[in-house]
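> Just the structure for this:
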Amino acid sequence: MALRPGGNRGSWRALTGALAALALAAVPAPACAAQIAADRAFMVGAWTDNGDCADAATLADDGRFATANGAQGLWHMEAGRLTMTGSSTMILQVTPVDRNTIAVVNPDGTRGRSTRCGDRAGRSPLRSRPRSDPAFLAGRWTDNGDCAAAVQFDLGGRFATHDGAAGRWTLNGDRLTMSGDSATLTIQIVPIDRNAMNVVNADGSLGRSTRC
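As a prediction, this is how the structure comes out:
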């Protein structure tokens, strides 16, 4: 299912049964916006573009997002770029207006505004999820649906790929570090359920892995 740009401005656009994205009414960015960093900590919370917090989208501090109609996915913020991924990806340019307002440039170049719903911090629509712990990660995982190309994670801290590469892995919170003979890689994992997880790669790109 793909993201569908367009639609009515002034609403969070939902993918049919899956993902939602921002579509916002035009607004210029003020000169004082640069005084507030558009970083991950700033974006955590619930946001609406029509003043109705019952229709807000929640960006959780564990890297997940959810909309009021039940769509969920993974989000990442870097250098003012908000990436939202479910079965497809949308990238928005975000500029803070103040602590509770953002100006947004959508992928089609339209500009908009969204406001924070400060009273929704304890009422996230996100479903419960497994913990990021060694017991969750142990097993075989693939990022393309091909279990012949899976990576095996052992509870003893060893990993092995289908092509013979191997090394050690550690999990610190949601940060998975894999160390081989010549390189070390750290990524963020976000469990969806017992058999699926979203991933923020070292370069900031987003992906999804499923258990074999």
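
> ranges for the helices of the chain?
Counting by DSSP state H, the chain has these helices, from start to end: 40-43, 134-137.

> got any ranges where the protein has weak pLDDT?
1-34, 86-88, 119-129 (pLDDT under 70).

> show me what contacts Asn100?
For Asn100, the contacting residues are 115-116, 118, by Cβ atoms under 8 Å, 6 or more residues apart in numbering. Yep, even glycine has a C-beta here, placed from its N, CA and C like the rest.

> I'd like these as JSON lines, with distance to Ala202 and neighbour count appended.
Output for these, formatted as JSON lines (distance: Cβ to Cβ, whole Å; neighbours: other Cβ atoms under 10 Å):
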{"residue": "Thr115", "distance to Ala202": "33", "neighbour count": "18"}
{"residue": "Arg116", "distance to Ala202": "30", "neighbour count": "21"}
{"residue": "Gly118", "distance to Ala202": "33", "neighbour count": "11"}
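
> just the residues you listed now: which is nearest Gly145?
Arg116 (37.6 Å; Cβ to Cβ).

> Hmm, Gly167 and Asp181 touching each other?
Yes. Applying Cβ atoms under 8 Å, one finds Asp181 in contact with Gly167, separated by 7.0 Å.

> mind giving me JSON lines with the helices of the chain and columns for distance to Gly204 and mean neighbour count?
Output for the helices of the chain, formatted as JSON lines (distance: least, Cβ to Cβ, whole Å; neighbours: other Cβ atoms under 10 Å):
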{"stretch": "helix 40-43", "distance to Gly204": "11", "mean neighbour count": "15"}
{"stretch": "helix 134-137", "distance to Gly204": "21", "mean neighbour count": "16"}
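
> Compare those helices and give me the one nearest Val97.
Of all the helices of the chain, helix 40-43 comes closest under Cβ to Cβ, at 11.6 Å.

> For the closest one, C-alpha coordinates in CSV please.
Provided in CSV are the C-alpha atoms of helix 40-43 (Å, rounded to 0.1, in the frame of the first residue of the first chain):
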residue,chain,number,x,y,z
ARG,A,40,13.4,14.2,18.0
ALA,A,41,12.7,15.4,21.5
PHE,A,42,10.7,18.4,20.2
MET,A,43,8.5,16.3,17.9
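
> Distance from that helix to the middle of the chain?
The chain centre lies 12 Å from the centre of helix 40-43; the measure is Cα atoms, centre = their mean, to the nearest Å.

> Please work out which residues outside it touch it.
Outside helix 40-43, the residues that touch it by Cβ under 8 Å, 6+ apart are 36, 59, 61, 75-78, 82, 94, 96, 99.

> out of Asp181 and Gly167, which sits in the busier spot?
Gly167 (18 against 7; other Cβ atoms under 10 Å).

> where's the more buried one relative to Gly173, distance?
According to Cβ to Cβ, to the nearest Å, Gly167 stands 20 Å off from Gly173.

> now do Arg131
Separation of Arg131 from Gly173 (Cβ to Cβ) stands at 10 Å.

> Using TSV, lay out the helices of the chain together with distance to Ala66.
Output for those, formatted as TSV (distance: least, Cβ to Cβ, whole Å):
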stretch	distance to Ala66
helix 40-43	14
helix 134-137	20
